[in-house]
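J.: what follows is a protein structure lacking sequence information:
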């Protein structure tokens with residue numbers, strides 16, 4: 001179960017019966033406080049309950065606020081918070097099952113705007129968010145990408161893409177969207193939509209291995225795509241697309257975890273392997289440069305989210321443990337040695353730096 005992606009909604013649906021434990025805040029800042037420098041962790045919660053939370057860890061003071069959203073707004077985040085990102089002075093959080101977009105002030109967690117992501121009375125089920133030139137792009141399981149103006153905070157249009165779109169990446173003025181089709185078990189989608197960001201229209205679809213879910217762009221503009229396969233006889237795969245030509249450079253089965261996120265910094269891509277190791281992939285040589293980034297005997301039980309702080313080259317990794325209790329955040333130096341840790345929430349699925 002990673003980011004409650006379609007793979008785990010289908011394959012691990014039994015986990016929807018789990019009940020999560022929620023911890024109280026170590027500190028409860030008022031909405032006027034500036035929480036300082038650090039990292040937000042978007043905790044999905046359990047699929048069967050409205051218990052998603054937003055943890056903040058201040059990396060200067062080492063203090064944890066276990067549910068800053070509730071502290072600041074006297075209301076919960078909802079059911080299955082899937083993604084979060086800071087753009088400008090606002091933080092955007094997609095809440096999948098509740099079908100909402102929560103826009104908050106990242107200095108204090110206070111809600112700026114709550115948007116119901118619905119088509120009439122039907123939930124769109126938002127998944128991920130990306131940004132380009134004062135626009136936020138939000139994928140939803142209803143086969144659309146919403147275009148939201150980050151000044152007015154109004155949705156300007158919906159772009160129809162493939163089935164059950166997941167993550168996005170931006171390169172060369174284009175938005176690449178992973179069309180998973182993951183809710184249609186046995187009949188996944190096999191395409192990545194390409195959207196021209198000047199016109200906000202889909203201009204083509206690129207065929208990739210079945211069930212693409214995770215996307216990231218490297219410094220040279222190549223798009224890295226992780227596909228889950230069909231969970232039966234089609235294995236996970238890693239595909240690389242040239243964003244200049246939109247031609248697939250390479251595509252092959254790979255030792256990647258189902259729905260593994262991709263964190264790219266410089267010429268290094270960090271990917272969670274099928275066995276739970278953190279592999280380092282060199283984007284210049286197109287080869288694995290380190291099969292296990294974490295040094296010594298240290299082991300993460302269930303690597304769940306990964307991000308690189310570019311200013312320090314530190315690698316942040318969350319551990320979902322057994323999916324039933326609070327997870328943990330680990331901070332590693334560039335040498336793979338653990339430097340710091342903090343207890344976070346249930347199923348910590350996204351890492352968001354206040355300054356990177």
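T.: Cool, the structure landed. Quantities reported herein were computed from a predicted structural model and do not represent experimental measurements.

J.: surely residue 221 touches residue 246?
T.: No. Using Cβ atoms under 8 Å as the test, residue 221 is too far from residue 246 to be in contact (10.8 Å). Where you see a C-beta, it was placed from the backbone N, CA and C, and this is true even at glycine.

J.: now the helices for the protein?
T.: Ranges of helices in the chain, per DSSP state H, are 6-11, 68-73.

J.: now the weakest link among those, please, by mean pLDDT.
T.: Of all the helices of the chain, helix 6-11 carries the lowest average pLDDT, namely a mean of 37.

J.: touching, residue 208 and residue 239? I think so.
T.: Yes. Taking contacts as Cβ under 8 Å, residue 208 lies within contact range of residue 239: 4.7 Å.

J.: give me the below-cutoff pLDDT ranges for the stretch 1-150 of the chain.
T.: 1-32 (pLDDT under 70).

J.: related to what we said a few turns ago, give me the common contacts of residue 208 and residue 239.
T.: Both residue 208 and residue 239 are contacted by 225, 227, 248, 251, under the criterion Cβ atoms under 8 Å, 6 or more residues apart in numbering.

J.: neighbour-wise, which of the residues you listed leads?
T.: The most neighbours of any of the shared contacts of residue 208 and residue 239, using other Cβ atoms under 10 Å, belong to residue 227, which has 30 neighbours.

J.: inside strands: which ones of the shared contacts of residue 208 and residue 239?
T.: Among the shared contacts of residue 208 and residue 239, the subset assigned to strands under DSSP state E consists of 225, 227, 248, 251.

J.: would you list these in CSV and tack on pLDDT and distance to residue 263?
T.: Below are these laid out as CSV (pLDDT from 0 to 100; distance: Cβ to Cβ, whole Å):
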residue, pLDDT, distance to residue 263
225, 97, 15
227, 96, 18
248, 97, 22
251, 93, 21
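
J.: can you put those residues in JSON lines and add distance to residue 122?
T.: As requested, these are exported to JSON lines (distance: Cβ to Cβ, whole Å):
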{"residue": "225", "distance to residue 122": "29"}
{"residue": "227", "distance to residue 122": "28"}
{"residue": "248", "distance to residue 122": "34"}
{"residue": "251", "distance to residue 122": "35"}
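
J.: quick one: terminal-to-terminal distance for stretch 148-156?
T.: This stretch, stretch 148-156, spans 6 Å end to end (Cα to Cα, to the nearest Å).

J.: and what of stretch 182-197?
T.: Note: stretch 182-197 ends 26 Å apart using Cα to Cα.

J.: wait, doesn't residue 42 sit right on residue 86?
T.: No. Contact criterion Cβ under 8 Å: residue 42 and residue 86 do not qualify, at 11.4 Å.
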